[in-house]
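Engineer: okay, sequence plus prediction incoming.
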Amino acid sequence: MFISNAYAMGATGGQAGQGGGIAGFLPIIILFAIFYFLLIRPQQKKAKEHKAMIDNLKKGNRVVTSGGIFGTIVSIDDTTIGLEIAEKVKIKVSRGNIGGLISDNEAQTKSKEKN
């Protein structure tokens, strides 16, 4: 009598445990999807836009470096960019350190604030 009852209990408990295999991974899959759409994908898009901007730089463009230095491009090499940051003051920076382009409207606003 005791053996048959224990056997019956063990059989129903084993079936419940087998069905939860994929359900155990579902929260991990959902968490990865959330990370992908909220963190990874926007970062890749931003990196692609930055690379395209760096590839399209040319002489005469006004730029700002990642360190906050404003300047005008006077020379371009494969790895470096020559910037004129003041009259007759030139520096070289790495292409990767260019933070962004400055539009003509922003440049005019900055010069008006300076005066």
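Structural biologist: Sure thing, it's come through. Numbers count the residues shown, from 1 in each chain.
Engineer: pLDDT score for the spatially closest residue to Ile69 that is not a sequence neighbour?
Structural biologist: Using C-beta to C-beta, 6 or more residues apart in numbering and skipping residues adjacent in sequence, the residue nearest Ile69 is Ile85, 5.9 Å away. C-betas here are computed from N, CA, C, even on glycine. pLDDT recorded at Ile85 is 95.
Engineer: do the one 5 residues further on as well
Structural biologist: At Lys90 the predicted local distance difference test score is 96.
Engineer: from the chain's centroid, how far away is the strand or helix carrying Val74?
Structural biologist: For Val74, the element it lies in under DSSP states H and E is strand 70-76. Per C-alpha atoms, centre = their mean, to the nearest Å, the displacement of strand 70-76 from the mean C-alpha position of its chain is 25 Å.
Engineer: how much space between the residue most central in space within the chain and Ile91?
Structural biologist: The centroid of the chain falls nearest to Gln43 when counting by C-alpha atoms, centre = their mean (2.4 Å). Separation of Gln43 from Ile91 (C-beta to C-beta, to the nearest Å) stands at 29 Å.
Engineer: likewise Leu26?
Structural biologist: For Leu26, the distance to Ile91 equals 54 Å [C-beta to C-beta].
Engineer: what of Leu38?
Structural biologist: Noted for Leu38: a distance of 38 Å to Ile91, by C-beta to C-beta.
Engineer: the more surrounded of these two?
Structural biologist: Set Leu38 next to Ile91 and count neighbours by other C-beta atoms under 10 Å: Ile91 wins out with 15 against 10.
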